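Engineer: any chance you can model this:
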Amino acid sequence: MRTRTRTGEGAPSPGAAKTRKLQVSEGVAIGALVTLIVAEVVAFGASDVAVAAAFGVLQAALLLGLLAFCGWARKVPGALIAPWPGLIFLALLIAVAWSLTPFGPGGAHPVWRYLGPTGGSITVDRSSVLLNILRLVGLACVFLASQIIGASETRRRALVWFLLLALGAFAAVAIVDHVSLRAGRRLTATLLSPNSAASLMGIGVIFAAMFFSQALQRAGGSLRLDKLGLDASLSLGVAAVFAVALALTASRGGIFATVMGLAVLLTWQVIAQGRKVKAVAIIGGAAAILVVVGVAMRSAELTAERFANLEGDVAARKAIFEVHWEAFKSSPWFGFGLGSFPIVNQLITTTENLPVLFDVRATHNLYLQWLEEGGIVGGVFMLAWLLVAFWRAGVDAIKPGMAGALARATIAAAVAVLLHGVSDFAVQVPALQALFAVGLGAMTATAPPRRRSRKIAAPWGTMIFASGVLVLSILVAVPLAASRFGGDLSAMPTASAEVLATSIEAGLARKSSDPAATARLAALSRRELAMRPGAGGAWLRKAAIDFQSGDVAAANVALEHSLAVAPLQTSLFMSRTKLAYENWPSLTPAARQQVMYQARVEFGRENGEGRLKDLANSIRNPSGRIGLAFLIVAERAAKAQAQALTKVQPQ
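Structural biologist: Predicted coordinates:
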């Protein structure tokens, strides 16, 4: 990337230094932020809750370290982060935290009545709400760190450039891995979803196109190699890498959103640059896209095939949207709590919508999921914060030079991300949320000129905020990390529901008859249920503990609650059905009916009979094994009879 600027329209914004070498501490800060974001992407998008918590610690530590060790960071004017973005963010935190209380239209959710007639919350999962609030304040730390770094145009450009190069290298490795090693149908990289990968690659395409467009302008519109610098060649190459990776994801929504974002960027660049060279840039970009499509014909064919199946996918998405829209309408003001989608999805699953809901991780609509989890109140404050951030970026976008181009690319990339969120699971990945926060933070780092006589106050408020987030993040991350490595810190008050569940399952696997061990498991179960009484797995673990301790009545109640809140949860089917049939003589008629209901539904699914037969063979209780065998025989006979009736019906 060029560090020496030229005169003319390719120069930095008015008032920026024409030539400035980054200080060592500035380079280290930029490198640390770039490394943090790329590491999150590589770590499977930080999708695992323990990994996300660990990165939350690093995000807070980065901001605190930036303020503690970099004098230039402490000199950034306080007006940079005040007043509206911070105040709106505080209001947003209060809005999403309000679901932890029972004070809303309709009061606490009905599942809390399983624990008692009073108390409870609007949300069905307090643990997830707290973890997601902690994730939000971690993103705030990244946002503030990016603002501080982006307060200098030199640092801002260097941050975006090196982040683009690092992600371009990641995309290149992902292409090689996909083509030569994984040989799968669609590229997912480390993000576990081709749609999430498509969002990342689309952002890369847009920013690389912006850098190439600016390089063309500095060269006076000439495409001669002797007039184009190294940064032009690199940006063009990186754009091609991102575009090939995007094509390999075969994401219809991702490709469409990227094309729309590029259209916004190139059109805006033409208007902003105001010279004929812009037409050359557009034609060159179109030619590059055609070349990429030609190189990735295999992906083009796959994408075309997926477009041919568009009607079926639209029907599936429509079914998901409809049932979750109805769920949102049942708790519209404060939602069900951030991170509550898995539990809500199980609560609303029926035999009719099971085929489309049984394995979804999101609503595939960013806005519907936010409304379902955060409610109208949370949605209004999130929209307000985004509008303020985009307004501040838009102020820079109308400026000439690189500052304006960076802001225009940020808005174009945001358009692509928000469009893709209409139909796909994309920006819900924590790593992409962090990347989004970096982009908005760096591009909203504008402040009014400081008067010479005005002394800059030390950023004590920001340092206290970062320190508080760091301490809370450590207290939450340590138990989660310990549980992933075989440790057990479930006794800590900050242990999340996931930590408690892991500890309970480990204790049940030991099958200890020690009363003290059983009492400990019961105490952990009470803590878990106090956090998320809408989780079928939590009630199932309590039923297992009660059966182990000999409290049959309590075990039946817990099993019935598990089946009531998650009647058709496929991930619980094997363990829940086995527990039920191992204790078949002790079950109440109501519990038996509910267990058999899910077993019949599972029998009708793909390879259902085979899975039920394997399950029956693993049951040691004779009456339970015979009972499940009779159910299999009855369902097999009913299926054969239905097929026979179908054959004899007149055509």
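Engineer: assign a three-state SS to T190, would you?
Structural biologist: Applying DSSP: H, G, I helix; E, B strand; the rest coil to T190 yields a three-state assignment of coil.
Engineer: next one: phi and psi at it?
Structural biologist: phi -110, psi 10 (degrees, to the nearest 10).
Engineer: what sits against it?
Structural biologist: V41, V42, A43, F44, G45, A174 (CB atoms under 8 Å, 6 or more residues apart in numbering). To be clear about C-beta, it is placed using only N, CA and C from the backbone, and glycine gets the same treatment.
Engineer: the third one - how many residues pack around it?
Structural biologist: Translated: A43. 17 (other CB atoms under 10 Å).
Engineer: right, and it touches A53 too?
Structural biologist: No: when contacts are counted by CB atoms under 8 Å, A43 is not listed as touching A53 (12.0 Å).
Engineer: re earlier: among the contacts of T190, which two are most distant?
Structural biologist: Maximum pairwise distance in the contacts of T190, criterion CB to CB, is 14.1 Å, between A43 and A174.
Engineer: pLDDT of the longest helix anywhere in the chain, averaged?
Structural biologist: Using DSSP state H to define each element, the chain has its longest helix at helix 366-397. Helix 366-397 comes out with an average pLDDT of 91.
Engineer: buried residues, it. List them.
Structural biologist: 366, 368-375, 377-379, 381-382, 384-385, 388-390, 392-394, 396-397 (16 or more other CB atoms under 10 Å).
Engineer: now that helix: how far from the chain's centre is it?
Structural biologist: 16 Å (CA atoms, centre = their mean, to the nearest Å).
Engineer: can you tell me which helices and strands that helix packs against?
Structural biologist: If you count contacts as 3 or more CB pairs under 8 Å, 6 or more residues apart in numbering; DSSP states H and E, helix 366-397 packs onto helix 84-97, helix 310-330, helix 341-347, helix 401-420, helix 430-443.
Engineer: any idea which helix or strand comes after the first one?
Structural biologist: Spelled out, it's helix 84-97. Where DSSP states H and E defines the elements, the next helix or strand beyond helix 84-97 is helix 126-150.
Engineer: again, but for the shortest one
Structural biologist: Using DSSP H and E, the next helix or strand after helix 341-347 towards the C-terminus is helix 354-357.
Engineer: for that next one, which outside residues touch it?
Structural biologist: With CB under 8 Å, 6+ apart, helix 354-357 has contacts from A316, A319, I320, V323, N345, I348, T349, L568, T570, V601.
Engineer: the last one against N353, yeah?
Structural biologist: Put plainly, it is V601. No: the criterion here is CB under 8 Å, and V601 misses it with N353 at 12.0 Å.
Engineer: related to what we said a few turns ago, let me know the closest of the contacts of helix 354-357 to V28.
Structural biologist: Using CB to CB, the contacts of helix 354-357 come closest to V28 at N345, 43.7 Å.
Engineer: for the closest one, which non-adjacent residue is closest in space?
Structural biologist: Spatially, and ignoring its direct neighbours in sequence, N345 is nearest to L357 (5.8 Å; CB to CB, 6 or more residues apart in numbering).
Engineer: burial count for that neighbour?
Structural biologist: Quick note: L357 (other CB under 10 Å) scores 20 neighbours.
Engineer: list the contacts of F321.
Structural biologist: T363, H364, N365, L368.
Engineer: low-confidence bits of the stretch 451-600 of the chain, can you list those?
Structural biologist: By pLDDT under 70, the low-scoring segments of the stretch 451-600 of the chain are 451-458.
Engineer: right, I'll call it a day here.
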